[in-house]
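Asker: Sequence and computational prediction follow.
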Amino acid sequence: SRLPNRLQTLVQELMPPPKVDGEVHVWPDRFDRLLSAIEAIDLWVCEFDGDGQMLYTSPSVETFLGFSPEEILGNSVEFHPDDLDQVLETGKRARSQGEPARNIARIRHKQGHWVWADTYVLGWYPSEGAGFHTITISRDITELKNAEATRKESETRRRAIAQMSWDLISEIDM
C-alpha cells in the first residue's frame, strides 16, 4: 500500500462504506483518488516509529527535501538545532493528548540548506506494547518565511533611516 497503515485506517473510518454496483466496489476507486489528491497537492506525508525512524514517505519528499524515498526511508530527518525542542514537544503533546499537534520548524535539505516546514503531527500506538508512531503532513513554507524576513529587514531599515534623519517625513492620504 502507498500510505501508512494508520492513515489508511483513518481514511477508511472517515469514508462511508463502499457501495456495490453488481460486483464492482466503489471504495477502491475513492481510495485511489484520495491517494492521488494527497500526492498532487504537494504535501509531504511520513510515518515515523517511536525512535524517529521513517517507515513511510510520500514521493513528494524529492521536491521537499531533495531525497528520493529510497534514500530517506529508514532514516531520520535533521531538524535545525533551534527548533528541535519545539519538535520534540509537539510529539509529546500529540502523544499525551491523543490529538493532532502542529509545529513550524526547519529541516535540512539534501543540499545542506534549511527548509521551513509547517507540520501537523498525528500519533498513535499501532499495537499493544508497540512504540509510539507518528504520521506527519508537512507543507513547505520557506518562501513565506523568506518573504517575512525580507519585509522585517526592510521595515527595520526604513525605521533606522527615519530615526536618523533631520528631515520631516510624513505620509498623507487623499
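Answerer: Right, received. Where do you want to start?
Asker: Only C-alpha atoms, please: export stretch 51-65 in PDB.
Answerer: The C-alpha coordinates for stretch 51-65 follow below in PDB (Å, rounded to 0.1, in the frame of the first residue of the first chain):
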ATOM      1  CA  ASP A  51      12.700   6.100  17.600                       C
ATOM      2  CA  GLY A  52      12.200   8.700  14.800                       C
ATOM      3  CA  GLN A  53      13.000   6.300  12.000                       C
ATOM      4  CA  MET A  54      11.000   6.900   8.900                       C
ATOM      5  CA  LEU A  55       8.800   3.900   7.900                       C
ATOM      6  CA  TYR A  56       7.000   5.600   5.000                       C
ATOM      7  CA  THR A  57       7.400   8.700   2.900                       C
ATOM      8  CA  SER A  58       5.300  10.100   0.100                       C
ATOM      9  CA  PRO A  59       7.100  10.700  -3.200                       C
ATOM     10  CA  SER A  60       6.900  14.400  -2.700                       C
ATOM     11  CA  VAL A  61       9.900  14.100  -0.300                       C
ATOM     12  CA  GLU A  62      12.000  14.700  -3.500                       C
ATOM     13  CA  THR A  63      10.700  18.100  -4.200                       C
ATOM     14  CA  PHE A  64      10.500  18.900  -0.400                       C
ATOM     15  CA  LEU A  65      14.000  17.800   0.800                       C
END
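Asker: Now it: average pLDDT?
Answerer: When pLDDT is averaged over stretch 51-65, the result is 87.
Asker: What of stretch 154-161?
Answerer: pLDDT averaged over stretch 154-161 gives 84.
Asker: next one: stretch 80-96
Answerer: Averaged across stretch 80-96, the pLDDT comes to 89.
Asker: and if you look at stretch 167-174?
Answerer: For stretch 167-174, mean pLDDT rounds to 80.
Asker: What about residue 115, how many residues nearby?
Answerer: 22 (other CB atoms under 10 Å). C-beta here means a position set from N, CA and C on the backbone, and glycine is covered the same way.
Asker: Also the one 10 residues further on?
Answerer: Under the neighbour criterion other CB under 10 Å, residue 125 is assigned a count of 14.
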